[in-house]
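[1] sequence-free structure coming up:
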């Protein structure tokens with residue numbers, strides 16, 4: 001009798017857990033579809049999509065024990081959602097083009113004032129033609145001028161004594177554009193002009209508003225700000241209609257609404273040719289702690305390379321990490337059609 005009661009209690013517990021998970025995820029998906037990132041908590045749920053779906057195997061084991069066919073069918077149907085959202089990232093992609101005529105890299109240095117030799121090594125290892133840097137400090141900028149001037153003779157560096165420093169270095173001749181982007185950014189966007197195959201192209205280096213966890217209101221303000229910034233970028237490329245590459249730290253995942261705004265007109269290079277999740281953040285010793293313990297490394301993809309329809313992508317991959325920054329660099333090879 002005691003064993004029978006324990007089985008009933010276990011069955012009830014597993015049923016409650018399974019129903020709660022299935023109903024909770026379905027409710028979240030409906031809210032996501034209808035309201036995007038309208039509330040701070042919905043922004044975080046959307047950003048954490050991958051890890052919400054990670055519980056599916058656990059629930060599947062529970063349902064095998066329960067032998068509940070209806071809930072199992074619902075779970076299988078739910079499994080189709082992450083397959084739709086993330087499945088393409090694990091499909092091997094063949095190169096659609098055999099050559100490229102420009103390679104680029106984006107790298108948030110995490111305001112690194114130490115280990116500059118490792119930063120220089122990471123930049124060298126990329127072999128990229130144009131490199132966009134975020135959180136560039138004065139010390140690192142001075143070292144880049146000295147150590148990389150031969151390899152990257154064209155440099156537009158705007159370092160700062162905080163995380164707002166920005167910089168672009170290039171093997172190819174570049175010049176600062178007179179264009180500007182409105183809005184309040186973490187680092188003032190850099191827009192450069194570059195001639196490629198006799199045609200003017202634009203390269204934009206951005207650092208979007210960060211996620212500030214001070215209060216619910218600051219989180220919400222950040223969500224609104226990043227969506228405004230996405231609209232500013234789209235308005236810019238539609239107004240001038242130049243072949244454009246936009247790269248940097250966007251402080252959002254590909255499951256957030258600002259990403260959808262961007263990809264309505266731009267192509268995400270990683271989604272097109274990358275393999276795997278391509279997570280770039282957080283890493284290093286500067287990542288968040290919970291109860292004194294570091295959270296795991298590389299949980300999200302928040303660094304991106306986007307491009308307009310005049311480009312094709314040959315290859316994209318994670319660059320050489322310096323071991324210090326809380327971001328990993330991304331390198332892409334592109335062809336101007």
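    Nice, thanks for sending it over. Everything numeric in this text was worked out from a predicted model, so none of it was measured.
[2] switch to C-alpha atoms for all contacts and neighbour counts from now on
    Fine.
[3] may I ask which helix or strand of this structure has the lowest mean pLDDT?
    Counting by mean pLDDT, DSSP states H and E, the chain has its least confident helix or strand at strand 289-290, which shows a mean of 80.
[4] strands paired with it, and their directions?
    strand 293-294 (antiparallel) (DSSP bridges).
[5] how near is the nearest residue to residue 37 once chain neighbours are set aside to residue 222?
    Counting by C-alpha to C-alpha, 6 or more residues apart in numbering, residue 37 lies nearest to residue 43, which is 4.5 Å off, once chain neighbours are set aside. Using C-alpha to C-alpha, to the nearest Å, we find residue 43 at a distance of 10 Å from residue 222.
[6] same check, this time on residue 273
    Taken as C-alpha to C-alpha, the span from residue 273 to residue 222 is 29 Å.
[7] point out where the stretch 1-150 of the chain drops to low pLDDT.
    Scanning the stretch 1-150 of the chain for pLDDT under 70 picks out 1-4, 113-115.
[8] all strands of it, in order?
    102-108, 130-134 (DSSP state E, counting those that start in this stretch).
[9] wait, which of these is closest to residue 83?
    Nearest to residue 83, of all the strands of the stretch 1-150 of the chain, is strand 102-108, at 28.2 Å by C-alpha to C-alpha.
[10] what's the closest one packed up against?
    Helices and strands touching strand 102-108, by 3 or more C-alpha pairs under 8 Å, 6 or more residues apart in numbering; DSSP states H and E, are strand 130-134, strand 244-249, strand 303-307, strand 330-336.
[11] the first one: partners in the sheet, and parallel or antiparallel?
    This points to strand 130-134. strand 102-108 (parallel), strand 166-170 (antiparallel).
[12] how much does that strand deviate in direction from strand 244-249?
    40 degrees (axes from the mean of the first three to the mean of the last three C-alpha atoms, to 10 degrees).
[13] what does the third one give?
    Angle of strand 303-307 versus strand 244-249, following the same axes, to 10 degrees, is 170 degrees.
[14] mind listing the strands strand 303-307 pairs with, and their directions?
    In the sheet, strand 303-307 lines up with strand 244-249 (antiparallel), strand 267-268 (antiparallel) (DSSP bridges).
[15] buried residues in the longest one?
    Right, the one you point to is strand 244-249. 244, 245, 246, 247, 248, 249 (16 or more other C-alpha atoms under 10 Å).
[16] hang on, the earlier thing: closest to residue 84 out of the strands paired with strand 303-307?
    Checking the strands paired with strand 303-307 against residue 84 by C-alpha to C-alpha gives strand 267-268 as the closest, at 16.4 Å.
[17] tell me the helices and strands packed up against the next helix-or-strand element following the closest one.
    Counting by DSSP states H and E, the element after strand 267-268 in chain order, helix or strand, is helix 269-273. Helices and strands touching helix 269-273, by 3+ C-alpha pairs under 8 Å, 6+ apart, are strand 303-307, strand 311-318.
[18] sounds good, over and out.
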